[in-house]
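**Student:** Predicted coordinates and the sequence they were generated for:
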Amino acid sequence: MKLTDEAMRNKDSIGDQHEADCGEAGATPPIVVGYALTPKKITSFMQPKLENLARSKGITFVAIDQNRPLSDQGPFDVVMHKLRGTEWYQALEDFRQDHPEVTILDPPESIEHLRNRESMLQDVDDMKLSDSCGVVGVPRQLVVTADDSSVFDVVTKAGLNLPLVAKPLVADGSQKFHELSLAYDQNSLCELEPPLVLQEFVNHGGILFKVYVVGEAIKVVRRYSLPNVTKSELSKISGVFRFPRVSCAAASAEDADLDPEVAELPPQPLLERLAKELRRRLGLQLFNLDIIREYGTRDRFYVIDINYFPGYGKMPDYELIFTDFLLSFRRIKHNKFPHNIN
Ligand SMILES: O=P(O)(O)O[C@@H]1[C@@H](OP(=O)(O)O)[C@H](OP(=O)(O)O)[C@H](O)[C@H](OP(=O)(O)O)[C@H]1OP(=O)(O)O
Ligand SMILES: Nc1ncnc2c1ncn2[C@@H]1O[C@H](COP(=O)(O)OP(=O)(O)O)[C@@H](O)[C@H]1O
Ligand SMILES: [Mg+2]
Ligand SMILES: [Mg+2]
């Protein structure tokens, strides 16, 4: 590894700080995590409870300055990021080539895969996960582009059942990506602005499970979601209705008095298999899944959304889970001969 003079000076000062914090020179080598996040993400993620616990465990967080070469900063053991753009991705790629020993969470091309609501769910669909604990799939959906002359025809041909959730196809970093609509009849579909995904609405009793993945760890919380649409409502209502962000953090349903059949969490072994396989297929360590259970069933689940580096600050015990996760990179780094215990 090549270290510039500036990075060498940083390395010494981080080591000194860790010795001062831990009181034992060289007892546990510090681990330095560079982060490149939006101001909003820094506020929600870099909470004092995370920084304090991290410090006590020998983890130092360093804010990355996007305007300076990455190799002049750090040196880092891990780089965590949720920023987009050609320049940033190029800077990361150059850094990765110069410093293959640094873990980058996560590779840009894998993150980009989640920007598109079609490719986002492809791996879940391909997986065809089904075992004694349950079945996991994705709702039937199709992509409508500006080239499609008639949305009506496309939907009719595909035989999708109403109502349909209309979702903007590609994330552009704006709030528009989260402006979703519910379409009750086919004739109104022309009011929608492509490109978008039209996805069958699945009744799920108004509760959604947010499954946070941090490496091998998973954590599930309940959030409120859209209520069931009955057959009689469907026959009476027509039109396309925009709906607000129904399942945001403020919509926590953790303490609510819910129908136990709706509230029961998906089986842990099923979630573990799903998360493990998705980590492998997506090539990602940091994401969450929005999962719903089909109303009236015990074991039919649908993944409707996958988010890269979501709002972890709202995940219970996130500081413990994250520090353990980051420490696992230290173990890998310093345990060069894991099988040679003698
Ligand atoms: O705004 P936050 O902190 O609630 O986090 C958003 C997430 O909310 P959640 O953690 O699920 O409640 C949010 O999740 P949902 O899409 O609402 O399921 C996204 O992950 C969002 O990122 P992006 O705008 O899609 O890049 C996340 O936004 P960023 O903070 O990454 O911009
Ligand atoms: N296929 C679906 N069936 C039922 N409800 C859905 C479906 N898709 C989305 N929803 C509802 O819409 C909300 C937002 O959809 P989602 O795909 O998670 O978009 P976002 O990326 O904006 O969070 C979900 O939290 C859920 O309440
Ligand atoms: Mg979502
Ligand atoms: Mg999302």
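**Tutor:** Thanks, I have the structure now. Keep in mind that what you see is a predicted model, and the values were worked out from it rather than measured. Ligands and ions are numbered 1, 2, ... in the order given.

**Student:** Which positions within stretch 288-299 qualify as buried?
**Tutor:** Asn288, Leu289, Asp290, Ile291, Ile292, Arg293, Glu294, Tyr295, Asp299 (16 or more other CB atoms under 10 Å). All C-beta atoms are positioned from the backbone trio N, CA, C, and that covers glycine.

**Student:** go on, stretch 191-211?
**Tutor:** Across stretch 191-211, burial judged by 16+ other CB under 10 Å covers 192, 194-211.

**Student:** cool, stretch 93-109 as well?
**Tutor:** In stretch 93-109, counting by 16+ other CB under 10 Å, buried: Phe95, Arg96, His99, Val102, Thr103, Ile104, Leu105, Asp106, Pro107, Pro108.

**Student:** Tabulate these (JSON lines), appending secondary structure.
**Tutor:** As requested, those are exported to JSON lines (DSSP: H, G, I helix; E, B strand; the rest coil):
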{"residue": "Phe95", "secondary structure": "helix"}
{"residue": "Arg96", "secondary structure": "helix"}
{"residue": "His99", "secondary structure": "coil"}
{"residue": "Val102", "secondary structure": "coil"}
{"residue": "Thr103", "secondary structure": "strand"}
{"residue": "Ile104", "secondary structure": "strand"}
{"residue": "Leu105", "secondary structure": "strand"}
{"residue": "Asp106", "secondary structure": "coil"}
{"residue": "Pro107", "secondary structure": "coil"}
{"residue": "Pro108", "secondary structure": "helix"}
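
**Student:** which of those lies closest to ligand 2?
**Tutor:** Closest to ligand 2 out of these is Asp106 (18.2 Å), distances taken as CB to the nearest ligand atom.

**Student:** ok, that closest one touching Val214?
**Tutor:** No - contact criterion CB atoms under 8 Å: Asp106 and Val214 do not qualify, at 11.6 Å.

**Student:** Overlap of the contact sets of those two?
**Tutor:** Common neighbours of Asp106 and Val214 (criterion: CB atoms under 8 Å, 6 or more residues apart in numbering): Gln285, Leu286.

**Student:** got the contact list for the most centrally placed residue in the chain?
**Tutor:** Nearest to the geometric centre of the chain sits Phe287, at 2.4 Å (CA atoms, centre = their mean). For Phe287, the contacting residues are Leu114, Val213, Leu278, Ile306, Asn307, Tyr308, Phe309, Pro310, by CB under 8 Å, 6+ apart.

**Student:** Model confidence for it, exactly?
**Tutor:** Looking at Phe287, its pLDDT is 98.

**Student:** any idea which element it lies in?
**Tutor:** Phe287 belongs to strand 286-293 when assigned by DSSP states H and E.

**Student:** Any idea what the closest residue to ligand 3 within the chain is bridged to?
**Tutor:** Per CB to the ion, Asp305 is where the chain lies closest to ligand 3, at 3.6 Å. Here Asp305 sits in beta bridges with Asp290, going by DSSP bridges.

**Student:** how many neighbours does it have?
**Tutor:** Around Asp305 there are 21 other residues, counting by other CB atoms under 10 Å.

**Student:** ok, back up a step: mind checking which of the buried residues of stretch 191-211 are in strands?
**Tutor:** Counting by DSSP state E, the buried residues of stretch 191-211 place Leu196, Val197, Leu198, Gln199, Glu200, Ile207, Leu208, Phe209, Lys210, Val211 in strands.

**Student:** Dump these to a markdown table, plus pLDDT and distance to Gln175.
**Tutor:** Below are those laid out as a markdown table (pLDDT from 0 to 100; distance: CB to CB, whole Å):
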| residue | pLDDT | distance to Gln175 |
| --- | --- | --- |
| Leu196 | 95 | 16 |
| Val197 | 97 | 17 |
| Leu198 | 97 | 21 |
| Gln199 | 98 | 20 |
| Glu200 | 98 | 25 |
| Ile207 | 98 | 24 |
| Leu208 | 98 | 20 |
| Phe209 | 98 | 24 |
| Lys210 | 98 | 19 |
| Val211 | 98 | 24 |
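
**Student:** Turn those residues into JSON lines, including distance to ligand 3.
**Tutor:** Below are these laid out as JSON lines (distance: CB to the ion, whole Å):
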{"residue": "Leu196", "distance to ligand 3": "15"}
{"residue": "Val197", "distance to ligand 3": "13"}
{"residue": "Leu198", "distance to ligand 3": "16"}
{"residue": "Gln199", "distance to ligand 3": "12"}
{"residue": "Glu200", "distance to ligand 3": "16"}
{"residue": "Ile207", "distance to ligand 3": "14"}
{"residue": "Leu208", "distance to ligand 3": "8"}
{"residue": "Phe209", "distance to ligand 3": "11"}
{"residue": "Lys210", "distance to ligand 3": "8"}
{"residue": "Val211", "distance to ligand 3": "11"}
